[in-house]
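In: Coordinates only, no sequence provided:
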């Protein structure tokens, strides 16, 4: 019953990335208000530390990293989202302060997608088991609206 | 430690809605692949039944209702998202097939927002306790990027 998000084909189809266009710009959103596992009101918040770790890992990757006030995923603690132009938007939870490099790796991987989905193969473990939700881009919504609700 | 999302002011500020502009268009996305609590592979899927219930409640509300393949929130079962132009995007879980009218009520309420957040007051109960995640609109990301990461 658990969704494993393996609906992409790009990871197994070399042709899908052979002539890849310029990568779409990816953004990492880190929930700046997330508290740690013990719920303590410590500052800096773990979300800020995670963002700092992502920035340290970013270097030449050119990923935009933004701290944002609450992604609403408080039941699954330290949270971040990965966005990419024209692609699905992903929210992850159960992260650790040490996952900054994983977020950057996931964002770089996401930028190679040609079908709007984050590739499953090569995705850091924390971005496999930590999936909280995903939202489709406007194009996918428009397509689904045509297919499922022609009225 | 639980976030209750009460960061809106419009519910307590009559002036905020006195001269409300034309409501932004709201969309309800219902996860069409969600199974029921028992995990059975029954069809139609509960997600489809929830979408049908929302359509029945929609009537003159003019809300766009779209079934979409998996919102990735499988750990919290029956899921739906509420989107509104220029506003935050909300994902909800732990829904029931009977919550169709609640989704429409939430979408109509959302359309009255003037700060991009879904008002807390007046929100159906299932859209209070079922919050899974929320994602900011591009404008809020751009603003946060300026404030938190001037580089």
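Out: Thanks, I have the structure now. Since the model is a prediction, treat every value here as computed from it, not as a measurement.

In: show me where pLDDT drops low in chain A?
Out: A:1-23, A:148-151 (pLDDT under 70).

In: give me the element the residue most central in space within it is part of.
Out: Centrality entry for chain A: nearest residue to the mean C-alpha point is residue A:82, 2.6 Å, by Cα atoms, centre = their mean. Per DSSP states H and E, residue A:82 falls inside strand A:80-84.

In: With residue A:127 instead?
Out: helix A:126-129.

In: one step back: across the sheet, point out what pairs with the residue nearest to the centre of chain A.
Out: Residue A:82 forms beta bridges with residue A:28, residue A:90, as assigned by DSSP bridges.

In: In contact with it, which residues?
Out: For residue A:82, the contacting residues are A:26-29, A:89-90, A:92, A:103, A:106-107, A:110, A:118, A:127, by Cβ atoms under 8 Å, 6 or more residues apart in numbering or on different chains. Quick note: C-beta positions are derived from backbone N, CA and C, even for glycine.

In: Please pick the buried ones from these.
Out: For those, a burial check counting by 16 or more other Cβ atoms under 10 Å in any protein chain shown picks out A:26-29, A:89-90, A:92, A:103, A:106-107, A:110, A:118, A:127.

In: Identify the residues contacting residue A:90.
Out: Contacts of residue A:90 were listed using Cβ under 8 Å, 6+ apart, and they are A:81-83, A:118, A:127, A:131, A:133-134, B:72.

In: One more: residue A:69?
Out: If you count contacts by Cβ under 8 Å, 6+ apart, then residue A:69 has A:31-33, B:144 around it.

In: just checking, which of the residues you listed belong to strands?
Out: Per DSSP state E, strands hold the following members of the contacts of residue A:69: residue A:31.

In: In CSV: the contacts of residue A:69, plus neighbour count and distance to residue B:66.
Out: Shown next, in CSV, are the contacts of residue A:69 (neighbours: other Cβ atoms under 10 Å in any protein chain shown; distance: Cβ to Cβ, whole Å):
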residue, neighbour count, distance to residue B:66
A:31, 30, 27
A:32, 20, 31
A:33, 16, 30
B:144, 17, 28
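
In: From the contacts of residue A:69, pick the one nearest residue B:96.
Out: residue A:31 (28.0 Å; Cβ to Cβ).

In: I'd like the distance between the closest one and residue A:97.
Out: Going from residue A:31 to residue A:97 by Cβ to Cβ, to the nearest Å gives 12 Å.

In: what do those two both touch?
Out: Contacts common to residue A:31 and residue A:97, judged by Cβ under 8 Å, 6+ apart, are residue A:78.

In: List just the nearest of the contacts of residue A:69 to residue A:67.
Out: For these, the nearest to residue A:67 is residue A:32 (3.9 Å; Cβ to Cβ).

In: Excluding covalently adjacent residues, which one is nearest to that closest one?
Out: Counting by Cβ to Cβ, 6 or more residues apart in numbering or on different chains, residue A:67 is the residue found nearest to residue A:32 once chain neighbours are left out, at 3.9 Å.

In: got a list of contacts for the helix or strand hosting that neighbour?
Out: Using DSSP H and E, residue A:67 falls within strand A:64-68. Identification of contacts with strand A:64-68 by Cβ under 8 Å, 6+ apart yields A:25-32, A:47-48, A:51, A:54-55, A:58, A:103, B:136, B:140-141, B:144-145, B:148-149.

In: again, 6 Å this time
Out: Residues outside strand A:64-68 that contact it (Cβ atoms under 6 Å, 6 or more residues apart in numbering or on different chains): A:27-30, A:32, A:51, A:54-55, B:136, B:141, B:144-145, B:148.
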